[in-house]
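1. Starting from these lines, generate the structure:
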Amino acid sequence: MLYPALLSPCLIALLAACSSAPEKPVTDTPVSTPQSCTALRTFTLPAAAIGLATRGARVTATETVAASGEGAKAIGAYCKVSGVISPVDPAAPAIRFQVDLPAQWNGKALMFGGGGYDGTIPDVAANVPAGAATQPGPLGRGYATFASDSGHQANATTSRDGSFGSNDEALRNFAGDALKKTRDAALAIVTAHYGQRPARVYFAGGSTGGREALAMASRWPSDVDGVIALYPAWNAVALNLQFGRMTQAMAQPGAYPDAAKRKLLFDAAMAACDRLDGVADGIISNVDACNARFDPATASLNGKPLRCEGGGEGGDGCLSDAQIAAFKVFSTPLELPYPLASGETRYPGFNTWGTDWGMGTGGPFQAIIQTLGLGTEQPANPMPGVSSKGSPPYHSTFWDQWVRYFVTRDVNFNPLALDPLRPGGYQARVVALNGLQDVNQTDLSAFRNKGGKILIAHGTADALVSTQATRQYLGRLQKAMGEQQLEGFVRYYEIPGYGHVFGTAFNASWDSLTALEQWVEQGKAPVDQIVVDTTAVPGRSRPLCPYPAWPQYRGSGSVNEAGSFVCVGR
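-> Numbering: from 1, shown residues only. Got it, this is the predicted structure:
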């Protein structure tokens, strides 16, 4: 936190100006003689060359990396560049970034988004989120790739560390400013190395990175040509308030279910809803019908009621009333009695039934799925720590950090004491954070007019960002721009069975980057897209249906082939 008494009046004035000043024009880096990887070690960039206020950027290290891998994993030799962007506020952390410059450059660049509270630099040699396992990632295709930690360095809790939120500049950087600063610094390095600016710039990210993708398209439409946004947490503040509601429900006595009870709920939902798409294939594709039909209070599994007799705790073979009530909080919307800065007053419920909340079985990703789900410890005050031995629900730690560092800025504040519906004296702060953190601009005419394209995809079994919220975003775009105009530059797909980053019933692999390239560069809109499972039944495929359509079994043919399904409901 900044203490004005310790700062000079000039610095205070400077910081105030930076917090409210509009984006300033960028002085384009002139095209010049290409600089070698070694020569880039002394590269510096003045503040005037970055579109938002900084004290400039500099390269801190370079390394020539040899070619590696085979097939789709092959990556040619490249120059790895590390750098920092200096903050205006001396108390704020720097933005640390990395740029990978392939020896065989395709003339394009791609920026990766982060995840959670960010705080680490994403692997810019990796594939895009849920990218095609059989196709090279961006660096392997010859893209110059780059990303940053969004302006702070996380502690051992990594993406759950929100302590940076006590500093205004660090918070603004996380909310979006670091995207512009990183993009400008990275492209200056790309231009210096190759002697020319990239012909195309794309962005790919999931969760927070998905929010960042949409922020790039809305805030800086001239800076990117296309974005891939997976499970985007676009309305972060409303989501955080829903996290608070979910956390407080799970903190009630007897409400927290162990892994065995989570599996019981998953199995019961699968038994009730799997065939609603025409075939029992281990995937709930008709999600809306399942949400309307399934009720854990009246459901049964293997001929036995799911609810414990009398509603009390009855062991791992049933769910108590307290546990059912907590899960129903997850599946129902947060309804705020006050409007946020964007005007919204709700966050929709999750597709709770058929979602793996961390049931301890079901494939190689179960450990991370459990971490991203309900964890291993009940939420409490103080919030249990995150370690290799266990952790509370991911959403609970996220809420805890947001309450203590973003909202109250009181490290000792009890996160269970702040009512998301009635935050009292903190309501104004919550509303203000909505204006800062969320991607609320829904008129994307500038991005559309320049030929920009947006691909959005979201798994229906996501335990951290609701697909119903992404539907809400799409609805806002349609209202602002019209469905016909939206069809020309936006596609949204829901992937049945896919979770947040990973999936138990279906782990998605989709060649979204090729689809985006063809749409932007050749004018070929994506049609007949296919998504492939890499874990539950490796190699099985489904049609990727443009929302609101979903894949229904045709009645014949292999249940593992996309051709046996047809998109219905559009």
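
2. Quick check: which ranges of the stretch 1-150 of the chain have low pLDDT?
-> Scanning the stretch 1-150 of the chain for pLDDT under 70 picks out 1-31.

3. ok, now with 50
-> Within the stretch 1-150 of the chain, the segments meeting pLDDT under 50 span 1-29.

4. Helices along the stretch 51-200 of the chain, start to end?
-> 168-172, 178-194 (DSSP state H, counting those that start in this stretch).

5. Kindly reformat these as TSV containing distance to S285, mean neighbour count and mean pLDDT.
-> C-beta here means a position set from N, CA and C on the backbone, and glycine is covered the same way. Shown next, in TSV, are those (distance: least, Cβ to Cβ, whole Å; neighbours: other Cβ atoms under 10 Å; pLDDT from 0 to 100):
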stretch	distance to S285	mean neighbour count	mean pLDDT
helix 168-172	40	22	99
helix 178-194	35	24	99
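
6. of all these, which lies closest to G114?
-> In terms of Cβ to Cβ, the element of the helices of the stretch 51-200 of the chain nearest to G114 is helix 178-194, at 9.1 Å.

7. next helix or strand past that closest one?
-> Using DSSP states H and E, the helix or strand that follows helix 178-194 towards the C-terminus is strand 200-206.

8. What separation is there between A91 and E169?
-> 8 Å (Cβ to Cβ, to the nearest Å).

9. Repeat that for R346.
-> Distance from R346 to E169, by Cβ to Cβ: 31 Å.

10. circling back: out of the helices of the stretch 51-200 of the chain, nearest to N291?
-> So among the helices of the stretch 51-200 of the chain, helix 178-194 is nearest, using Cβ to Cβ, at 34.3 Å.

11. circling back to that earlier point, how about the helices of the stretch 51-200 of the chain, which one is nearest D438?
-> helix 168-172 (13.3 Å).

12. In terms of secondary structure, what does the closest one contact?
-> helix 9-20 (3 or more Cβ pairs under 8 Å, 6 or more residues apart in numbering; DSSP states H and E).

13. Can you spell out the domain ranges of this protein, please?
-> Annotated domains of the chain cover 4-68+77-198, 238-437, 445-568 [automatic domain parsing].

14. circling back to that earlier point, so can I have TSV of the helices of the stretch 51-200 of the chain showing distance to I75?
-> Listed next are the helices of the stretch 51-200 of the chain as TSV, based on distance: least, Cβ to Cβ, whole Å:
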stretch	distance to I75
helix 168-172	32
helix 178-194	17
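
15. Of those helices, which is nearest I95?
-> Nearest of the helices of the stretch 51-200 of the chain (Cβ to Cβ): helix 178-194, 5.2 Å.

16. Which strands and helices lie in contact with the closest one?
-> strand 44-45, strand 57-65, strand 78-85, strand 95-102, strand 108-112, strand 144-148, helix 208-219.

17. Swap in 6 Å and give it another go.
-> Judged by 3 or more Cβ pairs under 6 Å, 6 or more residues apart in numbering; DSSP states H and E, helix 178-194 is in contact with strand 78-85, strand 95-102, strand 144-148.

18. Relative to A48, which of those strands is closest?
-> Using Cβ to Cβ, the nearest of the helices and strands packed on helix 178-194 to A48 is strand 78-85, at 13.4 Å.

19. what's next to the closest one, contact-wise?
-> 37, 40, 54, 57, 59-65, 94-102, 181, 185, 189 (Cβ atoms under 6 Å, 6 or more residues apart in numbering).

20. so that strand versus strand 144-148, what angle?
-> 30 degrees (axes from the mean of the first three to the mean of the last three Cα atoms, to 10 degrees).

21. Run the chain-centre distance for strand 78-85.
-> Remark: strand 78-85 is offset 24 Å from the chain centroid, using Cα atoms, centre = their mean, to the nearest Å.

22. Which parts of the stretch 251-400 of the chain are strands?
-> 300-301, 304-305, 334-335, 346-347 (DSSP state E, counting those that start in this stretch).

23. Find the residue ranges of the stretch 451-570 of the chain scoring beneath the pLDDT cut-off.
-> For the stretch 451-570 of the chain (pLDDT under 50), the answer is none.

24. what residues are up against Y426?
-> V407.

25. So it lies in a helix, does it not?
-> Yes. Counting by DSSP: H, G, I helix; E, B strand; the rest coil, Y426 is part of a helix.

26. gap between it and D168?
-> 17 Å.

27. what is the rounded mean pLDDT of stretch 214-223?
-> Taken as a whole, stretch 214-223 carries a mean pLDDT of 98.

28. and what of stretch 365-375?
-> Here the average pLDDT along stretch 365-375 is 95.

29. Run through who's touching it.
-> 356-358, 391-394, 463, 500, 502.

30. Could you give the separation of it from the chain centroid?
-> Counting by Cα atoms, centre = their mean, stretch 365-375 comes out at 16 Å from the chain centroid.

31. how about the strands of the stretch 251-400 of the chain in CSV, adding mean neighbour count?
-> Listed next are those as CSV, based on neighbours: other Cβ atoms under 10 Å:
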stretch, mean neighbour count
strand 300-301, 14
strand 304-305, 13
strand 334-335, 15
strand 346-347, 20
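
32. As JSON lines, the ones you listed with mean pLDDT and distance to C567 would be great.
-> Listed next are the strands of the stretch 251-400 of the chain as JSON lines, based on pLDDT from 0 to 100; distance: least, Cβ to Cβ, whole Å:
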{"stretch": "strand 300-301", "mean pLDDT": "98", "distance to C567": "31"}
{"stretch": "strand 304-305", "mean pLDDT": "98", "distance to C567": "36"}
{"stretch": "strand 334-335", "mean pLDDT": "98", "distance to C567": "31"}
{"stretch": "strand 346-347", "mean pLDDT": "97", "distance to C567": "28"}
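
33. Of all those, which one is nearest T157?
-> Once these are compared by Cβ to Cβ, strand 346-347 is nearest, at 23.8 Å.

34. Paired strands for the closest one, with orientation please.
-> strand 334-335 (antiparallel) (DSSP bridges).

35. Give me the residues contacting the strand it pairs with.
-> 241-242, 245, 346-347.

36. of the residues you listed, closest to V227?
-> Closest to V227, out of all of the contacts of strand 334-335 and judged by Cβ to Cβ, is Y347, at 22.9 Å.

37. for that closest one, what are its contacts?
-> 238-239, 242, 334.

38. Could you rerun that using 8 Å?
-> Going by Cβ atoms under 8 Å, 6 or more residues apart in numbering, Y347 touches 235, 238-239, 241-242, 333-334, 466, 469.

39. any idea which of the residues you listed has the most stuff around it?
-> N235 (29 neighbours; other Cβ atoms under 10 Å).

40. need the contact list for that one.
-> 342, 344, 347, 438-440, 469, 472-473.

41. Give me the buried entries from those residues.
-> With burial judged by 16 or more other Cβ atoms under 10 Å, the buried subset of the contacts of N235 is 342, 344, 347, 438-440, 469, 472-473.

42. Closest to I50 out of these?
-> Among the buried ones among the contacts of N235, and counting by Cβ to Cβ, the member closest to I50 is V439, at 21.7 Å.

43. Great, nothing more from me.
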